[in-house]
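Engineer: coordinates only, sequence not included:
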RNA sequence: GGCCCUAUCGUCUAGCCUGGUUAGGACACCACGCUUUCAAUGUGGGAACACGGGUUCGAAUCCCGUUGGGGCCA
């Protein structure tokens, strides 16, 4: 608790929905603040009025809440500080370090020397001042540019650590010169490597799914997304642990261990991670989650106990919850398939028919009460011994029940389908072969 | 084009600071086992130090250069 005064901020522009890169920046800011007992603050940088997108601010706030990245202060909006920026621009003109130019105010960038600073992630960085031009700090419409506004607010909000994307490194001489002109102390900086698309370029909306909301809507768990994003550019120093809760991340995250090079955002590992989280949850939790999400799974209604059983069957096969509806459709309507699918290896039509007729016969002999997975398995596996291989009995049966090449096993399915429906599906298959 | 950042398997990365490893893990991929199918699971496998020079007995690791990638500005 020694660093009680540490203050970080996440300062997005509301020019679009929160994307994965933004989420990671917010997360790292949050983790660093929390692990030091400090404060995490949200600031909305809404001074570029032309690029504002409706609903973006709400989406950013809502998404941060969803992930549990609760901010201690804010949201603070820059558009409410217009007077402050104007006064400060004025002050710089008075001091002779800024001047008016076609209605705008420009800051006089020192032309000689080098700017040196320490970045927590990159170490020492040196940039010659002559690479920078005099730059606009206040536009003719009275709105400040990023160059001025972000650092005024960081100062006023007493931000101690600025953790943001790499893309600002080359403008650091501007920010440092401006701090000098105001006589303000510099915060510490940590510039995060960019998250790149498959084409190695900065992730952009044009590539489709980059909004965090899209992933949420697509059936990825928030825990999985957060976990995945945390590992894009960071790795625990003394272990190979990969599954982390937010609390664990707060304990183990180290800003100095953040990678210097950009990371490609590739969803293959996210899929795996999501399936890990799906398997960790109980079917009941998954069902509740689906209900909350307004997913039509299970409608029209069957008994709710069955829904949990159905989820339990597919659980180890799911990468995303959104696959559930399609994968379990045969529980809710009669399967449709081609008769050839019933064929196992080199069986001919007659053999298939005989196999299915035996199945029907065996099923009819089981009472409703005994129509359980265990019982059915015992009965069928015993009879399957009469065949060259079990598949001759079990494959046609399973296809008759599901209409699918791939599915869970027939016994667990039949327990859920119950006797009458199981038999009728087998009967339908037999009829197809006539 | 100028400036800046950056470089280990296909991807995310450990190792680099403090030279000596069969260069480790995870995902993905392949094979095998289990198995009626698909998963899950178990075992095994292929797969990387961008390149060129130094320094050194010895370089992924230190230095220089080149190339590639990215960013910012124009």
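Structural biologist: Sure thing, it's come through. All of these numbers come straight from a predicted model, not from anything done at the bench.

Engineer: so after the helix or strand harbouring residue A:179, what's the next helix or strand?
Structural biologist: Taking DSSP states H and E as the criterion, residue A:179 maps to helix A:172-182. Counting by DSSP H and E, the next helix or strand C-terminal to helix A:172-182 is strand A:188-192.

Engineer: what's that following strand packed up against?
Structural biologist: Contacts defined by 3 or more Cβ pairs under 8 Å, 6 or more residues apart in numbering; DSSP states H and E place strand A:188-192 against helix A:20-35, strand A:114-119, strand A:161-165. Where you see a C-beta, it was placed from the backbone N, CA and C, and this is true even at glycine.

Engineer: what does the last one rub up against?
Structural biologist: For strand A:161-165, contacts defined as Cβ atoms under 8 Å, 6 or more residues apart in numbering pick out A:6-9, A:11, A:21, A:25, A:28-29, A:32, A:120, A:154, A:187-192, A:194, A:255.

Engineer: quick one: contacts of stretch A:219-226?
Structural biologist: Taking Cβ under 8 Å, 6+ apart as the rule, stretch A:219-226 contacts A:20, A:23, A:27, A:66-68, A:212, A:215-216, A:245-246, A:249, A:270, A:273-274, A:276-278, A:320-324.

Engineer: ok, is stretch A:172-179 in contact with RNA strand B or not?
Structural biologist: No - against RNA strand B, stretch A:172-179 shows no contacts by Cβ under 7 Å from any atom of the strand, the least distance being 8.0 Å.

Engineer: Return the nearest residue of chain A with respect to RNA strand B.
Structural biologist: Nearest residue of chain A to RNA strand B, counting by Cβ to the nearest atom of the strand: residue A:409, 2.7 Å away.

Engineer: Secondary structure element holding the residue lying closest to that residue once chain neighbours are set aside?
Structural biologist: Nearest in space to residue A:409, with sequence neighbours left out and distances taken as Cβ to Cβ, 6 or more residues apart in numbering, is residue A:398 at 7.0 Å. Here residue A:398, judged by DSSP H and E, is contained in helix A:391-402.

Engineer: Shouldn't residue A:75 be within a strand?
Structural biologist: Yes - under DSSP: H, G, I helix; E, B strand; the rest coil, residue A:75 sits within a strand.

Engineer: If we ignore the residues flanking it in sequence, what's nearest it?
Structural biologist: Counting by Cβ to Cβ, 6+ apart, residue A:42 is the residue found nearest to residue A:75 once chain neighbours are left out, at 4.6 Å.

Engineer: what stretches of the stretch 1-150 of chain A score poorly on pLDDT?
Structural biologist: In the predicted model of the stretch 1-150 of chain A, residues A:1-4 satisfy pLDDT under 70.

Engineer: mind listing the strands for it?
Structural biologist: A:7-10, A:39-44, A:73-77, A:98-101, A:104-107, A:114-119, A:123-128, A:135-138 (DSSP state E, counting those that start in this stretch).

Engineer: just checking, what packs against the lengthiest helix in chain A?
Structural biologist: Longest helix in chain A by number of residues, with DSSP state H as the criterion: helix A:410-432. Using 3+ Cβ pairs under 8 Å, 6+ apart as the contact test, the elements touching helix A:410-432 are helix A:304-314, helix A:329-332, helix A:349-364, helix A:373-384, helix A:391-402.

Engineer: redo that, cut-off 7 Å
Structural biologist: Helix A:410-432 sits against helix A:304-314, helix A:349-364, helix A:373-384, helix A:391-402, with contacts defined as 3 or more Cβ pairs under 7 Å, 6 or more residues apart in numbering; DSSP states H and E.

Engineer: buried residues in that helix?
Structural biologist: A:410-417, A:419, A:422-423, A:425-427, A:429-430, A:432 (16 or more other Cβ atoms under 10 Å).

Engineer: Would you mind pulling the contact partners of it?
Structural biologist: Contacts of helix A:410-432 with the rest of the structure, by Cβ atoms under 7 Å, 6 or more residues apart in numbering, involve A:306, A:309-310, A:313, A:331, A:339, A:342, A:353, A:356-357, A:359-360, A:363-364, A:366, A:368, A:371-373, A:376-377, A:394, A:396-398, A:400-402, A:407.

Engineer: Lovely, talk soon.
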